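>>> return a 3D structure for these sequence lines:
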Amino acid sequence: MITKYARIKEVAEYTHLKERTIRSYVLRKEIPYLKVKGCLVFNLEDIDAWMKNHSIKPTDTNSIPRGIQQ
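Residues are numbered from 1 along each chain as shown. Below you'll find the model as predicted:
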């Protein structure tokens, strides 16, 4: 299995977040990353797991505020 790595710009596109947000998460050590010769590199499998661990799923539609329900 080949591990895929990405730079900040690619991670921002992959997660649909701004580069600035990714950099902020790095500074606060809230996102998994590697530093290789001074460059930030992200393992995309780790990013997938990180996103999955940060997802919020309501248990039922009654827990969604009325203005948001369709």
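>>> report the central residue of this structure.
The chain has M51 as the residue nearest its centroid, 4.7 Å off, counting by C-alpha atoms, centre = their mean.
>>> for it, what are its contacts?
T15 (C-beta atoms under 8 Å, 6 or more residues apart in numbering). For the C-beta atoms, the positions are set from N, CA and C on the backbone; glycine is no exception.
>>> what secondary structure does it sit in?
helix (DSSP: H, G, I helix; E, B strand; the rest coil).
>>> count the neighbours of A6 for me.
Neighbourhood size, A6 [other C-beta atoms under 10 Å]: 17.
>>> can you verify my assumption that it contacts A12?
No: with contact defined as C-beta atoms under 8 Å, A6 does not count as touching A12 (9.3 Å).
>>> and the contacts of the longest strand anywhere in the chain?
Secondary structure of the chain read by DSSP state E shows that its longest strand is strand 39-43. Outside strand 39-43, the residues that touch it by C-beta under 8 Å, 6+ apart are 3-8, 10-11, 26, 31-35.
>>> and that strand, which strands flank it?
strand 5-6 (antiparallel), strand 34-36 (antiparallel) (DSSP bridges).
>>> mind listing what's buried in whichever helix or strand comes after the first one?
With elements assigned by DSSP states H and E, the helix or strand that comes after strand 5-6 is helix 8-15. The neighbour-count criterion (16 or more other C-beta atoms under 10 Å) identifies I8, E10, V11, A12, Y14, T15 as the buried residues of helix 8-15.
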